[in-house]
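In: Just the structure for this:
(2 chains)
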There are 2 protein chains.
Amino acid sequence: MTRPVNQQWLLTQRPDGPITSDLFAWHEEAVPEPTDGQVLVRTIYLSLDPANRIWMNDEDSYMPPVGVGDVMRGLALGVVETSRDPGFAAGDLVQGAWGWQRYAAIDAKLLRGRIPPDEGVPLTAYMAVAGSIGFTAYFGLLDLGQPKPGETVVVTAAAGAVGSMVGQIAKIKGCRAVGIAGSDAKCRWLTEELGFDAAINYRSDDVPAALDAACPDGIDVVFENVGGPVFDHILERINFHARIALCGLIAQYNATDPVPGPYNFHRLLYKSARVEGFIVVDFAARFGEARAELVQWLRDGKLNYRVDVVDGLENAPTAINKLFDGSNSGKLIVKVSDEPA
Amino acid sequence: MTRPVNQQWLLTQRPDGPITSDLFAWHEEAVPEPTDGQVLVRTIYLSLDPANRIWMNDEDSYMPPVGVGDVMRGLALGVVETSRDPGFAAGDLVQGAWGWQRYAAIDAKLLRGRIPPDEGVPLTAYMAVAGSIGFTAYFGLLDLGQPKPGETVVVTAAAGAVGSMVGQIAKIKGCRAVGIAGSDAKCRWLTEELGFDAAINYRSDDVPAALDAACPDGIDVVFENVGGPVFDHILERINFHARIALCGLIAQYNATDPVPGPYNFHRLLYKSARVEGFIVVDFAARFGEARAELVQWLRDGKLNYRVDVVDGLENAPTAINKLFDGSNSGKLIVKVSDEPA
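Out: A predicted model of the protein is given here:
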């Protein structure tokens, strides 16, 4: 029998601006052998996320940068092929950050538990609603944003994987949900299919006027994914004691020069308001709680989501730019190999 | 008997940059008569604070701007001359925001209670340690900053009225206190008399290197009064889950063009850190708790403070600029009339 080959994307240099294919090198090698306490996983889906761009910089962030020459880091979902850890068995479906490769021998303790086999939702849901994306929306909105019924929640990159969850959870919690997105089609999706109360196309609408119209009582909670001028317009309209969950600043990830912070930073002072950065792993101890509630909402038909599936690991370096040019809609994932039958 | 005359400074135009005397007009009129539910107060001390500059702009902040033609707003301490409210009697010492005038007829419900006659601390202490200044330091540091023993607290404008309290309270709570101030004399006062662990002269020191030396374990809590480039150096060094109490942004109050927010705003995201604006009246319900503890620390010799007393209401418009050019040290107040014998 021919042994399968591992395929990997290695980071070969750090970006100076947008991600280009020449930052990565395709590498093939033998499939690794797991050692004691490890499992061998075969990647089914790879998650492409804006934060991947942060990890490519030579800068201390919430985790160390990806080393030059190392496999590009990324969240993934896969199936255990061989286990040398008593907690896992061949056939288990697992999630972890083993990155842009077809196979990985990974310490079992680095896996995020097992996906229950019997929840009755598609496997791709665990890359969106019932995985890190859903947890990010859930904890960022509910724990940091603390929305109360009747309050106005504004979310940027609202048609993105996280943003679209945030608005729907805001509606479940009885809030007014206002989304900001980059095309009329995305805006229609938000209001007509996801139940947002209003959506603003930041490319074509007069954003200040549209925010005034969409938020007649001001803004109580912000779920910020983008930064830049739109964020300043939002800060101009925050209410006293507003809460801003800072999830991302995608507008500046590709910047090569220092980017000024919001010009309306002083509004935090004027309005006794709060900005709090977070990453989903801050809440790792409570992922079970979030998953149970998210899956229930999904079964109840309260959460709608889209996945944008790119076929083949070889396309990851080009596909990731869909996150930065606004061309994706829904959770962007790469299908690396087939789901188990 | 000659009736005393009321003297007032009216705001006659809005500033375009620094405060100049020609923004105010001196006005004299009859001392007002209190109506039912009011008291007539004679001002003894007037507080000059950086926030006064915010109130002069035609911009919605945490309170409406001072109207053009109105008495300039300011916190004051005075004595009740006549009371038409059952809660107050002639001779009571009271605090309130009746502004830059010798006499005021003010609704009793707008006064911040009575100063206890028997606490054994100088009356000026209520303009500093045991008044809004002390409460600002107390709640900003303890409630928003939540310092834990052994953590590093950095405070800017550390030789100012609020900043000098913040560092001393941080020491009482077992923290490492690092102050940033604008002269070697101020820095010596912080370390030699107030017990700060380190002080940095932002005008002459290499701030990044000095912060590295003063904060070998990074920065856990920031009490920010200033903004600008020093704040960016601080953000560069915050630890995971740092808490930043945003009390002021004095570096930009006189700006005539939009001021960019901190270039290191993204550090909040990288470090799951929090910035929270506040004003002391957010905590009005708990002023009694703060005053009791602050007065006790004062009696125990744990809090040192300076007042910088300018004599005469007529000097208020020029004296206030001492807050912006760095020439004051300690709480800046104007003595308007004599303390009761």
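In: residues in the stretch 201-341 of chain A within reach of chain B, list them.
Out: A:227, A:240, A:246-249, A:252, A:258-279, A:282 (Cβ under 8 Å from any Cβ of the partner chain). Every residue, glycine included, has its C-beta placed from N, CA and C.
In: mind redoing it with 6 Å?
Out: A:246, A:249, A:258, A:260-263, A:265-266, A:268-270, A:272-278, A:282 (Cβ under 6 Å from any Cβ of the partner chain).
In: Which ones among those residues lie within strands?
Out: A:L246, A:R274, A:V275, A:E276, A:G277 (DSSP state E).
In: coming back round to it: quick one: buried ones out of the residues of the stretch 201-341 of chain A next to chain B?
Out: Buried members of these, counted by 16 or more other Cβ atoms under 10 Å in any protein chain shown: A:246, A:249, A:260-263, A:265-266, A:268-270, A:272-278, A:282.
In: Could I get the CA-only coordinates of stretch A:327-341 as CSV?
Out: Below are the C-alpha coordinates for stretch A:327-341, written out as CSV (Å, rounded to 0.1, in the frame of the first residue of the first chain):
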residue,chain,number,x,y,z
SER,A,327,-15.7,39.2,-1.5
ASN,A,328,-16.6,36.4,0.9
SER,A,329,-20.0,36.0,2.6
GLY,A,330,-20.3,33.7,5.5
LYS,A,331,-17.7,31.6,7.2
LEU,A,332,-14.7,31.0,4.9
ILE,A,333,-13.4,27.5,5.1
VAL,A,334,-11.2,25.3,3.0
LYS,A,335,-12.2,21.7,2.4
VAL,A,336,-9.0,19.7,2.6
SER,A,337,-10.4,16.2,2.5
ASP,A,338,-13.7,14.4,2.6
GLU,A,339,-16.0,14.1,5.5
PRO,A,340,-16.3,10.5,6.9
ALA,A,341,-19.0,8.6,5.2
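In: just to revisit the earlier point, among the ones in strands among the residues of the stretch 201-341 of chain A next to chain B, which two are most distant?
Out: A:R274 and A:G277 (10.9 Å; Cβ to Cβ).
In: what's in contact with whichever strand or helix holds A:A105?
Out: For A:A105, the host element (DSSP states H and E) is strand A:103-107. By Cβ atoms under 6 Å, 6 or more residues apart in numbering or on different chains, the surrounding residues in contact with strand A:103-107 are A:N6, A:V31, A:P32, A:P34, A:G37, A:Q38, A:L40, A:V41, A:R42, A:G96, A:W98.
In: Run through who's touching stretch A:209-217.
Out: A:T152, A:V178, A:A198, A:I200, A:H233, A:R237.
In: quick revisit: mind giving me the PyMOL command for buried ones among the contacts of strand A:103-107?
Out: Selecting only the buried entries of the contacts of strand A:103-107 in PyMOL, with 16+ other Cβ under 10 Å as the criterion:
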select buried, chain A and resi 6+31+34+38+40+41+42+96+98
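In: what's stretch A:282-300 in contact with?
Out: So stretch A:282-300 is in contact with A:E119, A:V121, A:V129, A:A130, A:G134, A:F135, A:Y138, A:F139, A:L303, B:S272, going by Cβ under 6 Å, 6+ apart.
In: Would you mind giving those as CSV with pLDDT and distance to B:A319 added?
Out: CSV is the format used below for the contacts of stretch A:282-300 (pLDDT from 0 to 100; distance: Cβ to Cβ, whole Å):
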residue, pLDDT, distance to B:A319
A:E119, 81, 69
A:V121, 86, 68
A:V129, 90, 61
A:A130, 89, 62
A:G134, 94, 57
A:F135, 94, 55
A:Y138, 98, 53
A:F139, 98, 49
A:L303, 94, 60
B:S272, 96, 43
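In: And these, which is closest to B:L75?
Out: Using Cβ to Cβ, the contacts of stretch A:282-300 come closest to B:L75 at B:S272, 36.1 Å.
In: quick one: strands adjacent to the strand holding A:A105?
Out: strand A:38-47 (antiparallel) (DSSP bridges).
In: A:T82 - nearest residue in space that isn't next to it in sequence?
Out: In space, and not counting its chain neighbours, A:T82 is closest to A:L40: 4.3 Å by Cβ to Cβ, 6 or more residues apart in numbering or on different chains.
In: how much space between that neighbour and A:W98?
Out: 11 Å (Cβ to Cβ, to the nearest Å).
In: and if you look at A:V310?
Out: 18 Å.
In: so what's A:F265 up against?
Out: B:G261.
In: Please apply the same query to A:G326.
Out: Contacts of A:G326 by Cβ under 6 Å, 6+ apart are A:G182.
In: give me phi/psi at it?
Out: phi 80, psi 10 (degrees, to the nearest 10).
In: Show the pLDDT at it.
Out: pLDDT for A:G326: 75.
In: Over to A:M1?
Out: 52.
In: domain assignment for chain A?
Out: A:5-125+A:306-335, A:132-281 (automatic domain parsing).
In: winner for burial among those domains?
Out: domain A:132-281 (a mean of 22; mean count of other Cβ atoms under 10 Å in any protein chain shown).
In: all strands of the stretch 51-200 of chain A, in order?
Out: Along the stretch 51-200 of chain A, the stretches classed as strands by DSSP state E, counting those that start in this stretch are A:76-83, A:93-96, A:103-107, A:152-156, A:176-181, A:198-201.
In: And the helix or strand following the last one, how far out from the chain middle?
Out: Along the chain past strand A:198-201, the next helix or strand (assigned with DSSP H and E) turns out to be helix A:207-214. Average the C-alpha atoms of helix A:207-214, do the same for its chain, and the two points are 27 Å apart (Cα atoms, centre = their mean, to the nearest Å).
In: and the direction of helix A:207-214 versus that of strand A:176-181, what angle?
Out: 160 degrees (axes from the mean of the first three to the mean of the last three Cα atoms, to 10 degrees).
In: Output helix A:207-214 in PDB, but only the C-alpha positions, please.
Out: What follows is helix A:207-214 as a C-alpha-only set of coordinates in PDB (Å, rounded to 0.1, in the frame of the first residue of the first chain):
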ATOM      1  CA  VAL A 207     -22.800  56.400   7.100                       C
ATOM      2  CA  PRO A 208     -23.400  59.200   9.700                       C
ATOM      3  CA  ALA A 209     -26.900  59.800   8.400                       C
ATOM      4  CA  ALA A 210     -27.700  56.100   8.100                       C
ATOM      5  CA  LEU A 211     -26.500  55.500  11.700                       C
ATOM      6  CA  ASP A 212     -28.700  58.400  12.900                       C
ATOM      7  CA  ALA A 213     -31.700  56.800  11.100                       C
ATOM      8  CA  ALA A 214     -30.900  53.300  12.200                       C
END
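In: For stretch A:20-29, measure first residue to last.
Out: Using Cα to Cα, to the nearest Å, the end-to-end distance of stretch A:20-29 comes out at 23 Å.
In: Show the average pLDDT along it.
Out: Mean predicted lDDT for stretch A:20-29 stands at 95.
In: For the stretch 151-300 of chain A, just list every one of the helices.
Out: A:161-172, A:184-188, A:207-214, A:229-235, A:267-270, A:287-299 (DSSP state H, counting those that start in this stretch).
In: Export these as CSV, with columns for mean pLDDT and distance to A:D70.
Out: Putting the helices of the stretch 151-300 of chain A into CSV (pLDDT from 0 to 100; distance: least, Cβ to Cβ, whole Å) gives the following:
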stretch, mean pLDDT, distance to A:D70
helix A:161-172, 96, 25
helix A:184-188, 96, 35
helix A:207-214, 98, 40
helix A:229-235, 97, 33
helix A:267-270, 94, 38
helix A:287-299, 92, 26
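In: Adding distance to B:S337, write these out as TSV.
Out: TSV is the format used below for those (distance: least, Cβ to Cβ, whole Å):
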stretch	distance to B:S337
helix A:161-172	55
helix A:184-188	63
helix A:207-214	48
helix A:229-235	43
helix A:267-270	33
helix A:287-299	62
